[in-house]
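Enquirer: based on what follows, work out the 3D shape:
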Amino acid sequence: MKTLVLGLGNELYGDDGVGLHVVRFLRDEINSLAFRPSCYQNVFFEECALTGLALLDVIEGYDRLIIVDTIKRSHPKAGKVYHIDGKKLRHIPGPSPHYVSIPQTIDIGREAGLKMPESVEIIAVEAKNIYDLGEGLTEEMQKSIPEIIETIKKTLQKNPDEKGESMEKKEVLVLKDLLGSNKKIASEIREQLQSKGILTLNFLSSPGTGKTSLLEKIADKLSSNYKMAVIEGDIETERDAERIRAKGIPAWQITTGGACHLEAKMIGRLFPEIPPDLDFLFIENIGNLVCPASYDLGESIRCVLLSIPEGDDKPKKYPKAFTTSDCLIITKADLVPALPFRIEQAKKEALEMNPRLKTFVTSSTQDSGIDELMDYFISSLKKLRQKNA
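Expert: Coordinates of the predicted model:
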């Protein structure tokens with residue numbers, strides 16, 4: 001579901017700009033998160049001073065619309081916050097024939113063949129005066145901002161089609177200590193996930209090795225018989241997570257904003273989101289062969305990926321990534337005829353440093369070698385569950 005949180009108003013009219021202030025603050029807060037809970041995924045924020053038909057371009061393409069705006073009553077309680085179902089405004093006409101209300105705007109958009117929001121909710125805030133020029137919010141309005149923000153957050157957490165039902169999954173996995181060392185947190189993550197029979201795999205590689213493409217192929221092959229989910233790590237953007245979600249697979253995006261690796265506490269914070277009936281949990285680490293190798297994320301299996309364009313000399317150059325891994329996946333094997341990569345040499349060097357490595361040669365574009373990799377994953381899952389029995 002694609003959601004737009006739209007702040008309406010004009011900052012030149014004092015309290016009328018509260019919607020803009022709140023949406024700006026909330027956007028910055030959510031964008032600064034190391035990860036986005038599911039209720040904030042695919043949520044966008046806009047500030048706007050437009051009304052009526054001028055809003056068509058702003059709200060087009062969204063499934064859900066949450067408007068934050070002020071209202072003026074005859075005896076206002078400044079700062080009082082209301083949550084209004086947009087359906088209740090359906091039969092309320094505009095104040096003049098030249099004014100087009102939000103419901104009317106949406107109806108006109110649909111008649112014009114545009115994709116308009118199916119759900120509309122309004123977070124309305126009472127203001128004493130929204131017609132006199134003057135910048136800045138009154139003291140009463142400033143005091144109401146925390147309540148407005150909390151109301152928006154609660155609204156995002158609820159399914160608009162089910163009153164009172166939260167879109168957030170129940171907290172089924174909770175870490176005791178998110179302030180401990182990385183080693184301690186990773187150990188608890190592994191213990192809890194393995195006790196649930198969930199096989200967790202950490203994909204570690206340089207940028208551009210084809211981790212996401214491989215995960216898309218894995219999703220195609222596993223999703224009919226197994227439940228899987230993916231945690232994506234990147235410095236910025238949700239692009240990889242969006243690709244996985246397009247396959248119908250739950251995916252969470254952790255954006256570090258500059259940090260070159262994921263840490264166990266980042267994974268631990270997602271525990272309330274992880275379904276307890278998963279078979280496989282894949283973690284796509286940030287593209288880097290150095291830093292991520294030093295951070296245990298609580299995985300059962302660590303896979304290091306090496307692509308043909310990188311060259312066959314990487315195992316000896318970046319030893320820790322290979323000595324701490326359980327399997328080596330050589331990707332983009334279809335490029336071997338065009339590039340001087342010696343597959344057997346790369347395997348030999350990796351196995352010299354880590355004899356227990358399982359090795360696989362794959363091509364996502366040609367769908368080769370992936371079935372053998374799946375057999376290894378499924379066999380590992382069965383062994384984990386036999387151990388738990």
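
Enquirer: please make it C-alpha for all contacts and neighbour counts, starting now.
Expert: Noted.

Enquirer: endpoints of stretch 82-102, how far apart?
Expert: Stretch 82-102 stretches 17 Å from its first residue to its last (Cα to Cα, to the nearest Å).

Enquirer: any idea of the mean pLDDT in that stretch?
Expert: In this model, stretch 82-102 carries a mean pLDDT of 66.

Enquirer: and for stretch 205-212?
Expert: For stretch 205-212, the mean per-residue pLDDT is 96.

Enquirer: any chance you could map the strands in this structure?
Expert: Assigned by DSSP state E, the chain shows strands spanning 3-8, 43-48, 64-71, 81-85, 119-126, 199-204, 228-234, 251-255, 280-284, 301-307, 327-331, 358-361.

Enquirer: quick one: contacts for S144?
Expert: When the contact criterion is Cα atoms under 8 Å, 6 or more residues apart in numbering, the partners of S144 are G79, K80, V81.

Enquirer: and it, how far from G19?
Expert: 12 Å.

Enquirer: right, and the strands of the chain - which one's nearest G136?
Expert: Among the strands of the chain, the nearest to G136 by Cα to Cα is strand 64-71 (14.3 Å).

Enquirer: name the helices or strands packed onto that closest one?
Expert: strand 3-8, helix 18-31, strand 119-126 (3 or more Cα pairs under 8 Å, 6 or more residues apart in numbering; DSSP states H and E).

Enquirer: number of nearby residues for M353?
Expert: 16 (other Cα atoms under 10 Å).

Enquirer: wait, doesn't it sit right on T323?
Expert: Yes: contact criterion Cα atoms under 8 Å: M353 and T323 qualify, at 6.1 Å.

Enquirer: any idea how far C327 is from the spatially closest residue to P250 that is not a sequence neighbour?
Expert: Ranked by Cα to Cα, 6 or more residues apart in numbering and with sequence neighbours excluded, the top spatial neighbour of P250 is A229, at 5.0 Å. Distance of A229 to C327, computed by Cα to Cα: 20 Å.

Enquirer: over to V43?
Expert: V43 is 37 Å from C327, by Cα to Cα.

Enquirer: got it, and A124?
Expert: A124 is 55 Å from C327, by Cα to Cα.

Enquirer: between these two, which one's more packed in?
Expert: Counted by other Cα under 10 Å, A124 and C327 do not tie: C327 has more neighbours, with 23 against 20.

Enquirer: surely that one and K358 touch.
Expert: Yes: taking contacts as Cα under 8 Å, C327 lies within contact range of K358: 4.4 Å.

Enquirer: can you pull out the low-pLDDT segments for the stretch 1-150 of the chain?
Expert: 32-36, 73-76, 88-99, 129-132, 135 (pLDDT under 70).

Enquirer: list the contacts for R239?
Expert: Residues near R239 by Cα under 8 Å, 6+ apart: none.

Enquirer: can you read off the pLDDT for it?
Expert: 91.

Enquirer: leaving out the residues flanking it, which one is nearest to K183?
Expert: Nearest to K183 is D296, by Cα to Cα, 6+ apart, at 6.6 Å.

Enquirer: quick one, phi psi at the one you found?
Expert: phi -70, psi 130 (degrees, to the nearest 10).

Enquirer: gap between it and R190?
Expert: D296 is 10 Å from R190, by Cα to Cα.

Enquirer: could you do L133 as well?
Expert: Here L133 is placed at a distance of 59 Å from R190 (Cα to Cα).

Enquirer: quick one: the helices in the stretch 251-389 of the chain, in order.
Expert: 264-268, 314-317, 319-323, 343-353, 370-388 (DSSP state H, counting those that start in this stretch).

Enquirer: re earlier: give me the neighbour count for the residue nearest to K183.
Expert: Neighbour count for D296, taken as other Cα under 10 Å: 21.

Enquirer: what does F280 give?
Expert: Each residue near F280 was counted by other Cα under 10 Å, and the total is 21.

Enquirer: mind listing the helices for the stretch 51-200 of the chain?
Expert: Going by DSSP H, counting those that start in this stretch, the stretch 51-200 of the chain shows helices at 56-59, 102-111, 139-157, 182-195.
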